[in-house]
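Enquirer: below are the sequence and a predicted model for it; my questions follow.
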Amino acid sequence: MANQISPAQHAKTASSHRMAKAGPHFLNDTPETGPGYHSCRAIVFLMDNPELDWITHELRQILIQRRYSSRLCQLHESSNSAQAQHKQAGDCRYWLLTTTSTAAVKEYNFDHVVLLVPANLEAVLAAYQHIKQLAQRNTPDIGVVLVGPRDQHSAWHYFRRLAVGALRDLDIPLLNLGFLPEQVTPEHGPANHHRNNFLARIGERLLHSEFYTSYPEQKLDQGKG
């Protein structure tokens, strides 16, 4: 039909709808603290290449600069890994978890996952396989950050390719969380305000769209839910 929404339009619409749910808070707002907060908010980053850890390290620093207490941990495929690391995280506001294991994400039923995807065809295909594996259980909401595209047009090209395939074949919409262009990656220069600006935008999208898991200790204690 002439008025049928294409998979790409559907994915873009789903992304826009998720962003419309965002709250009014910004990263530099007054931090949310106090006894009313009993659990960390876990932001889970799934990647193929552990060298992309620089993204989560620098994102944590940006959160701390905005006065959000944050911890960074690696999530391993172990029955006690998340419980032990959650205790180490203490009462931090945001708990950034990185992993290269889709099985580890599935084990604890995280309901939001961020894929860090290098801007090349091989990485996009690997990300699709991650999504396909996650869909075998309770499919989480999945966001994507493209790493190293030449420009915004290139970033949209790779995101669209992944989003169309996930929606068409798996009926899973993806949320575009932004991109880090090639010019701001560490191999092209030391830390600078341009990279901080891109990372801050990604952080804002994560927080505004509530793209995290409120993960109280009792849920971790249940192990493999």
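Expert: Thanks, I have it.
Enquirer: now the strands: where do they sit in the protein?
Expert: Shown for the chain, the strands assigned by DSSP state E span residues 41-46, 70-74, 94-99, 112-118, 141-147, 174-180, 213-214.
Enquirer: which regions of this protein lie under the pLDDT threshold?
Expert: 1-39, 77-90, 215-225 (pLDDT under 70).
Enquirer: change it to 50
Expert: Within the chain, the stretches with pLDDT under 50 are 1-8, 11-13, 15-26, 28-38, 79, 218-225.
Enquirer: for it, what's the longest helix?
Expert: helix 152-170 (DSSP state H).
Enquirer: angle of it against strand 112-118?
Expert: 130 degrees (axes from the mean of the first three to the mean of the last three C-alpha atoms, to 10 degrees).
Enquirer: could you dump helix 152-170 to CSV, C-alpha only?
Expert: Written as CSV, here are the backbone C-alpha positions of helix 152-170 (Å, rounded to 0.1, in the frame of the first residue of the first chain):
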residue,chain,number,x,y,z
GLN,A,152,26.4,11.9,10.7
HIS,A,153,25.3,10.6,7.3
SER,A,154,27.6,7.6,7.7
ALA,A,155,26.4,7.0,11.2
TRP,A,156,22.7,7.0,10.0
HIS,A,157,23.6,4.7,7.1
TYR,A,158,25.0,2.0,9.5
PHE,A,159,22.2,2.5,12.1
ARG,A,160,19.5,2.2,9.4
ARG,A,161,21.1,-1.0,8.1
LEU,A,162,21.0,-2.6,11.5
ALA,A,163,17.6,-1.2,12.5
VAL,A,164,15.9,-2.3,9.3
GLY,A,165,17.2,-5.9,9.7
ALA,A,166,16.3,-6.1,13.4
LEU,A,167,12.8,-4.8,12.7
ARG,A,168,12.1,-6.8,9.6
ASP,A,169,13.5,-10.1,10.7
LEU,A,170,13.1,-10.1,14.4
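Enquirer: packing partners of it?
Expert: Here helix 152-170 touches helix 7-20, helix 121-134, strand 141-147, strand 174-180, going by 3 or more C-beta pairs under 8 Å, 6 or more residues apart in numbering; DSSP states H and E. (C-beta placed from N, C-alpha, C; glycine too.)
Enquirer: who wins for proximity to R205 among the strands of the chain?
Expert: Among the strands of the chain, the nearest to R205 by C-beta to C-beta is strand 174-180 (5.0 Å).
Enquirer: centroid-nearest residue for the chain?
Expert: V114 (2.3 Å; C-alpha atoms, centre = their mean).
Enquirer: okay, now Q183: neighbour count?
Expert: 14 (other C-beta atoms under 10 Å).
Enquirer: mind listing what it touches?
Expert: Q183 sits next to G189, H194 when contact means C-beta atoms under 8 Å, 6 or more residues apart in numbering.
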